[in-house]
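[1] Show me the folded form of this:
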Amino acid sequence: MAYAGMNVKFAWQGGKIANRLITKAVMQASLDPLLKCGYETQRESKRSMRKGKKGKPSKPGTPPHKVTGRMANSIRTAQQDNGVVVVGTTGRGWYGAIHEHGSYKRRRFPPRPFMQPALVKISRKFPQHFKGMNLAGTNAGRQLNAKKGPTK
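    Residues are numbered from 1 along each chain as shown. Here you go, the predicted structure:
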C-alpha cells in the first residue's frame, strides 16, 4: 500500500543486542502492540475532523473540516515488511500533507494538523499495549527456549 501525504511511523528500535533471536523475538512480539497504536492514531485523527461547510475552512492550527470525507476515509494503518507500522493518507488523500504542514508555494495555505495532535493526544495510552508482550509465543522466542539453546 503506497502512502502519500502525512505518515506517522511506529517501530521498535532494538539497541545493540548481541543475540539476533532476542531482537527478532522482541520485534515479532511488538508488532501487535504497534498495530494497536497505529489503529488508535488512525481513529483519533479521523475523529478530530469535524463536519464543515464547503468553502469555509477550519481555523489555522486546528484539524481540517470534513466536507466530502475523502481525506478522512483515506487514512489507513499498514504494516511494512520490516516491522514498521505506518499511519497516513493514501490515494485521494494526497493533500493530507498540505493540511498537516501547510503550503506556501502558489498561495498561502496555513497548517491544519490532524495527525500530530492525534498522536500526542493518545500516546500516553501506548504503554498499556506493550505490557503483556509474549516473547515466548514468537518463533524466535520458541527457538530461544528450546533445550539446544539459541542458534546464530
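
[2] Tell me which stretches of the chain form strands.
    For the chain, the strands defined by DSSP state E occupy 7-10, 75-79, 85-89.

[3] and the ones you listed, which is most packed in?
    Burial of these is given as mean neighbour count (mean count of other CB atoms under 10 Å); strand 85-89 ranks first at a mean of 24. The way it works is simple: take the backbone N, C-alpha and C, and place the C-beta from them, glycine included.

[4] quick one on the thing from earlier: may I see the strands of the chain arranged in TSV, with distance to His129 as well?
    Formatted as TSV, those follow (distance: least, CB to CB, whole Å):
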stretch	distance to His129
strand 7-10	10
strand 75-79	13
strand 85-89	11
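
[5] Would you single out the least confident of those strands?
    Least confident of those, judged by mean pLDDT, is strand 7-10 with a mean of 62.

[6] Tell me where the chain has helices.
    20-47, 70-73, 96-101, 115-122, 126-130, 139-145 (DSSP state H).

[7] will you turn those into a markdown table that also has distance to Gly83, mean neighbour count and mean pLDDT?
    Formatted as a markdown table, the helices of the chain follow (distance: least, CB to CB, whole Å; neighbours: other CB atoms under 10 Å; pLDDT from 0 to 100):
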| stretch | distance to Gly83 | mean neighbour count | mean pLDDT |
| --- | --- | --- | --- |
| helix 20-47 | 5 | 19 | 87 |
| helix 70-73 | 27 | 18 | 89 |
| helix 96-101 | 24 | 20 | 87 |
| helix 115-122 | 19 | 18 | 92 |
| helix 126-130 | 14 | 13 | 86 |
| helix 139-145 | 12 | 16 | 74 |
